[in-house]
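Student: Would you be able to build a 3D model of this:
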Amino acid sequence: MSAQEAELRARIDELSSKIDLQPVFLKELERDRSLAQRQLNAVVDPLERDLDSFTPRVSAVIWKHGEHLKHLEIWDDQDNRLHYDERDKNIIVLFDGTTGPLPLLESLTLETSSPQRGFLAPQIFELLSLAPKIVSCTFRDIEYWYNLDVVSETLEIPRLRLLMFGNREHYPDIDEGILECLSLPALEALSVSVALSDLWSFLKRSSPPLQELVLGLPNHDSIRLHQSLHLIPSLALFKIWAPDAQAVVALFGALADSPSLLPNLQRLVVRTMPRHPPTTSPYTSQFSWPTLLRVLSTRRFQFHISPVTKPPVDVLAALRELAADGVQIYIGTRERNFIGPPSEGAI
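Tutor: Predicted structure coming up:
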């Protein structure tokens, strides 16, 4: 080995070691930035910060100054738990009868890191009723809503535009019956896993100008799904997680045959998460492709489906013709779009 070769190999090893350390440094920098941001928030406005240590004393201060709150994020950290009910330590108590108006509150986020812990549903509804200007509400990783059965009246929140159960980029959390108790006539974006009968009832009751729907399906009822979609003609983005293969085919057919179904749809995303091995996935059946080609030729909206196996050669050719004609199509795995190079076609 020449001296130059040895020097270059040593240089490559040195650079590789530095690259391997980057994730560690990045994580430390993100943690330090988060800490500095929290400290800055506490200095600029002590009332506009995350509350991950929600003791009764803090609770009293917060509700005392609630008229100044604009954004409230409450996180029940497993290592630093919020105040709980002495009779049941899995029940998170936000206040003990002491609340006040929240006239400026615009956003509310609730999150818990423990699957056994949950919030008192009546308290959450009370918070929402005290915030006439709230426009955004996020419930993340909450598996239990205690005393939801005692909520007897439907709560209308006239200005709420965004309601999210879970993280936008992952399978949505189940609503656990919350939607049954709400009317949201201004809602524009909804992310949720919900029984289709409950979704239909909610949409019928609220008549929202919904533009974005991210939907996880614990059950598969094509008729009720189509009935629900007919109630939201304003929808521009529809993202559906883990649907039944036949339900997807039925949706394609309905979109192709019914111009009145989602007339403003601009983007359809299907995350299959198939329960079958890739080679036998029902999403790659010959029955599906002709229907898909028909709907894309008719409606020409942006389309993304993954993961699926590679379509037949003749179908690929037809899809690539549509893509060349301006239809944005992504069909493939998480890493690769079969319709074009990996860097093309992503939606």
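Student: which residues does the closest residue to residue 312 other than its chain neighbours contact?
Tutor: Closest residue in space to residue 312, ignoring its immediate chain neighbours: residue 289 at 6.9 Å, by Cβ to Cβ, 6 or more residues apart in numbering. No exception for glycine: its C-beta is placed from N, CA and C like everyone else's. By Cβ atoms under 8 Å, 6 or more residues apart in numbering, the contact set of residue 289 is 311, 312, 315.
Student: any idea how far residue 289 lies from residue 240?
Tutor: To residue 240, residue 289 is 18 Å away according to Cβ to Cβ, to the nearest Å.
Student: Next: residue 250.
Tutor: 12 Å.
Student: pLDDT value on residue 198, please?
Tutor: The score at residue 198 is 93. That number is its pLDDT.
Student: which phi and psi does it have?
Tutor: When read as degrees, to the nearest 10, the backbone of residue 198 gives phi -70, psi -40.
Student: The contacts of residue 289 into TSV, with extra columns for neighbour count?
Tutor: Below are the contacts of residue 289 laid out as TSV (neighbours: other Cβ atoms under 10 Å):
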residue	neighbour count
311	21
312	11
315	19
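Student: before we move on, back to that, surely the residue nearest to residue 312 is in a helix?
Tutor: Yes: according to DSSP: H, G, I helix; E, B strand; the rest coil, residue 289 belongs to a helix.
Student: can you pull out the helices in the protein?
Tutor: Per DSSP state H, the chain carries helices over the ranges 3-44, 56-64, 121-129, 196-206, 222-230, 245-257, 288-299, 313-324.
Student: Please name the bridge partners of residue 241.
Tutor: residue 216, residue 271 (DSSP bridges).
Student: who touches it in this structure?
Tutor: By Cβ under 8 Å, 6+ apart, the contact set of residue 241 is 171, 172, 193, 214, 215, 216, 217, 271, 273.
Student: Among those residues, which one sits closest to residue 244?
Tutor: residue 217 (7.6 Å; Cβ to Cβ).
Student: so what are the domain limits for the protein?
Tutor: 1-44, 47-152 (automatic domain parsing).
Student: Name the nearest residue to residue 154, sequence neighbours excluded.
Tutor: Closest residue in space to residue 154, ignoring its immediate chain neighbours: residue 183 at 5.3 Å, by Cβ to Cβ, 6+ apart.
Student: right, and that neighbour touches residue 206 too?
Tutor: Yes: with contacts counted by Cβ atoms under 8 Å, residue 183 reaches residue 206, the gap being 5.0 Å.
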